[in-house]
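Trainee: no sequence for this one, just the structure:
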Ligand SMILES: Cc1cn([C@H]2C[C@H](O)[C@@H](COP(=O)(O)OP(=O)(O)OP(=O)(O)O)O2)c(=O)[nH]c1=O
């Protein structure tokens, strides 16, 4: 079994490696197009676009991937607060505004995941999402500025990384921590398990 991660995110690569998978990395260059408006649909739509883009442009007709079963994994993460969808902030000002809105409240983090590939000659296309609730303590303006000025916000949905310095403001979470970081690895394993014969899921441990 060959796995391909359709992502440039170092966090997703780390999580998949930690879980014992070996895989190639082929980031998707697809121009993401949102046509849905509820968060779970948006992340599934974007994960689908990323996985399918890599599968169709780099895998499907590539002889190097024809001799074996292959699954491309695409993922997308967004933050949602009261129906508003927050992706990556455009600049520090937007990052500050996002974090001001999220401070002292509970918001949701959604990650969508798509498997696109071929197993025993049959096409596979499978998508799911996972949701985690995250609650922040109240955060002073000064602390928000310090964090945003560190530059950690810009490549992250909702303008924070739970795995970094912003962890000091996280009061609690309900659900899968890894889902917030960008890949719900336990759900991913169980979804693979639900669509593949057990002997086909090759991982290191
Ligand atoms: C909320 C949160 C998000 N993030 C990250 C995960 C994702 O990398 C990023 C959301 O952007 P995405 O568009 O989901 O992913 P990406 O652009 O980083 O990578 P690719 O499209 O190539 O797969 O935010 C954290 O690292 N920590 C957090 O606490």
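Mentor: Arrived safely. Owing to the predicted nature of the structure, the values given are computational and were not obtained by experimental measurement.

Trainee: Report the central residue of this protein.
Mentor: For the chain, residue 182 is the residue whose C-alpha lies nearest the centre (CA atoms, centre = their mean; 3.5 Å).

Trainee: Can you tell me which residues in the chain are near the ligand?
Mentor: With CB under 6 Å from any ligand atom as the criterion, the chain comes near the ligand at residues 7-9, 11-12, 27, 50, 75-77, 79, 88, 109, 155-158, 160-163, 180-182. In short, each C-beta sits where N, CA and C put it, glycine included.

Trainee: Which ones among the residues you listed map onto helices?
Mentor: Judged by DSSP state H, the subset of the residues of the chain next to the ligand located in helices is 11-12, 50, 180-181.

Trainee: top of the residues you listed by neighbour count?
Mentor: Tallying neighbours with other CB atoms under 10 Å puts residue 180 at the head of these, with 28 neighbours.

Trainee: Thought residue 160 was touching that residue, still the case?
Mentor: No: taking contacts as CB atoms under 8 Å, residue 180 lies outside contact range of residue 160: 9.4 Å.

Trainee: related to what we said a few turns ago, how about a markdown table for the ones in helices among the residues of the chain next to the ligand, with pLDDT added?
Mentor: Formatted as a markdown table, those follow (pLDDT from 0 to 100):
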| residue | pLDDT |
| --- | --- |
| 11 | 96 |
| 12 | 98 |
| 50 | 98 |
| 180 | 98 |
| 181 | 98 |
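
Trainee: Going by distance to residue 23, which of these wins?
Mentor: Minimum distance to residue 23 across those is 10.2 Å, recorded for residue 12 (CB to CB).

Trainee: Count the residues that sit near the nearest residue to the closest one once chain neighbours are set aside.
Mentor: Counting by CB to CB, 6 or more residues apart in numbering, residue 183 is the residue found nearest to residue 12 once chain neighbours are left out, at 4.6 Å. Using other CB under 10 Å, the number of residues around residue 183 comes to 28.

Trainee: residue contacts, residue 183?
Mentor: Shown in contact with residue 183 (CB atoms under 8 Å, 6 or more residues apart in numbering): 11-12, 15-16, 75, 111, 113.

Trainee: I'd like those residues laid out as TSV, including distance to residue 172.
Mentor: Shown next, in TSV, are the contacts of residue 183 (distance: CB to CB, whole Å):
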residue	distance to residue 172
11	21
12	24
15	21
16	26
75	24
111	19
113	24
